[in-house]
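Participant: Kindly return the folded structure for what I paste below:
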Amino acid sequence: MAASSAVRLAPLLGDPSPVLQPAPHAAASSPPVIRFANYLSTALAPFYQGVADYAAQRLGRPTAFVAGSIAGDFAAGKVDVGFL
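Facilitator: Just a heads-up that it's a prediction; the model follows:
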């Protein structure tokens, strides 16, 4: 199975592109990042990060995990998976 990378929890403020980029060692033809966001208690963030890491490992795709700010993140295409 291919090695995968995950981006750790960071606030989703303004342009999320720096937060949602795969690790620098990822190949140029690597699959797109699956973006996870937490809209619940920050106390549960380690659990949700674990879910994102597990998904990256099982799917062989990089993931990003951010602190969500508004539900409009989905409509704007900034988030793929959310813990609501």
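Participant: got the contact list for residue 71?
Facilitator: Residue 71 is in contact with 39, 82, 84, counting by Cβ atoms under 8 Å, 6 or more residues apart in numbering. C-beta: built from backbone N, CA, C; applies to glycine.
Participant: Can I have the buried ones of those as a PyMOL selection?
Facilitator: The PyMOL selection below is limited to those of the contacts of residue 71 classed as buried (16 or more other Cβ atoms under 10 Å):
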select buried, resi 82
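Participant: Now tabulate the contacts of residue 71 in JSON lines and tack on pLDDT.
Facilitator: Formatted as JSON lines, the contacts of residue 71 follow (pLDDT from 0 to 100):
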{"residue": "39", "pLDDT": "91"}
{"residue": "82", "pLDDT": "92"}
{"residue": "84", "pLDDT": "87"}
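Participant: Looking at the contacts of residue 71, which one is closest to residue 68?
Facilitator: Comparing the contacts of residue 71 against residue 68 with Cβ to Cβ places residue 39 closest, at 4.4 Å.
Participant: Leaving out chain neighbours, which residue sits closest to the closest one?
Facilitator: residue 68 (4.4 Å; Cβ to Cβ, 6 or more residues apart in numbering).
Participant: Appreciated, that's everything.
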